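# below are the sequence and a predicted model for it; my questions follow.
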Amino acid sequence: MLKQVVEAYELLDSASVNGHRVAEVLEERGLENIEVKTVKGKKSSTDFVKILVPGKNGKSSGRDAPTLGIIGRLGGIGARPKVIGLVSDADGAITAIAIALKLADMKRSGDSLDGDVILTTHICPNAPTKDHKPVPFMGSPVDMSTMNKHEVDERMDAILSIDTTKGNRIINIKGFAITPTVKEGWILRVSEDLLTLMEVVSGRLPVVVPITTQDITPYGNEIYHLNSIVQPNVATKAPVVGVALTSELPIPGCASGASHVVDIEQAARFCVEVAKGFGKEKIKFYDEEEFKRLVELYGSMKHLQALRGKKRERTGIE
């Protein structure tokens, strides 16, 4: 997949790139179901890109194979004019576009997946920066609820959320890591199937990001979050697993020259392997019976998906 990762990197490493240009490249590779929507914020705008890669037994063709969602999560791919070039925060978008290119190439070669795959991300080469400890983060032209509205699709039966996770001292390995599964306010056990795939893809022991309850609550509640990697969970019933691009020491999200294509390639290859197995129903993000038992014993945790917690009557996704 290194070829597709380099292609995605070079495509996005431009002051003039936008969602329509990304769509053109993907269409040239044979993908047909691509949506681009420009959303304006207070200071700038971004292009949300949604790509449907149909599976041979997918729901888009009237069959019943489950649909995997892959979200390239980020604030912006660039911080121009303050910073020239791609910033560290761009890794989520690079990975998502590289996966789309790989799935397109596989399809043209006769290797269609069983289930549909829906990929979403957004393209903004001039996003703002914001203060964060221990190092600065990238901001975004739009708020998190807007981002979730355009990136989380109700057709997704499970979600991989890919995000640069280098601006902290909590995870200190270079490469990629996964989070425990998050579903409807619960942080569940780490998926054994995903741990096994991570071992196969990386050739190393698996690494898990130690997220906390406050990390899964919505942005905007004035609570510290590690980053936005599992924020899609507040807008869906589907299980969400974060795929984190990581480093040994804190790196600002607005730093240029900090995207490591070998690490991105491994994360992208991992996501493709998950897509293969998930469409065949051979990979599970969580144990359905165990989750049901948790809710029976301890009640719903859906209030953690709401900005005001229990004070808010509805999360909007019941």
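That came through, no problem. Numbers count the residues shown, from 1 in each chain.
# next secondary structure after the host helix or strand of residue 38?
For residue 38, the element it lies in under DSSP states H and E is strand 33-40. Following strand 33-40 in sequence order, the next helix or strand is strand 45-53 (DSSP H and E).
# helices and strands around that next one, which ones?
With contacts taken as 3 or more Cβ pairs under 8 Å, 6 or more residues apart in numbering; DSSP states H and E, strand 45-53 sits against helix 19-28, strand 33-40, helix 91-108, strand 117-123, helix 144-151. All C-beta spots, glycine's among them, are computed from the backbone N, C-alpha and C.
# what segments of this protein are strands?
33-40, 45-53, 68-72, 117-123, 129-130, 137-138, 158-164, 175-178, 182-183, 186-187, 240-246 (DSSP state E).
# what's the third one in contact with?
So the one you mean is strand 68-72. 92-97, 99, 115-122, 151-153, 155-162, 232, 238, 271, 274-275, 278-279 (Cβ atoms under 8 Å, 6 or more residues apart in numbering).
# what's across from residue 177 in the sheet?
In this entry, residue 177 is beta-bridged to residue 244, by DSSP bridges.
# quick thing: my sequence starts at 37, can you match it?
Right, with 37 as the first residue, what we last looked at is residue 213.
# got a list of what it touches?
201, 207, 242, 243, 244, 245, 279, 280, 282.
# how far away is it from residue 235?
To residue 235, residue 213 is 12 Å away according to Cβ to Cβ, to the nearest Å.
# shared neighbours of these two, anything?
Common neighbours of residue 213 and residue 235, counting by Cβ under 8 Å, 6+ apart, are residue 242.
# quick one: closest of the strands of the chain to residue 260.
strand 173-174 (11.8 Å; Cβ to Cβ).
# give me the mean pLDDT for that closest one.
For strand 173-174, mean pLDDT is 80.
# now that strand: how far from the chain's centre is it?
16 Å (Cα atoms, centre = their mean, to the nearest Å).
# packing partners for that strand?
strand 165-166.
# count the residues that sit near the nearest residue to residue 63 once chain neighbours are set aside.
Excluding the flanking residues, the one nearest residue 63 by Cβ to Cβ, 6 or more residues apart in numbering is residue 70, at 6.4 Å. Around residue 70 there are 19 other residues, counting by other Cβ atoms under 10 Å.
# residue contacts, residue 70?
Residues in contact with residue 70 (Cβ under 8 Å, 6+ apart) are 59, 62, 63, 85, 86, 87, 88.
# please report how far it lies from residue 49.
Here the criterion is Cβ to Cβ. By it, residue 70 lies 21 Å from residue 49.
# ranking the contacts of residue 70 by neighbours, who comes first?
Result: residue 85 is most packed of those (other Cβ under 10 Å), 27 neighbours.
# nothing else from me, thank you.
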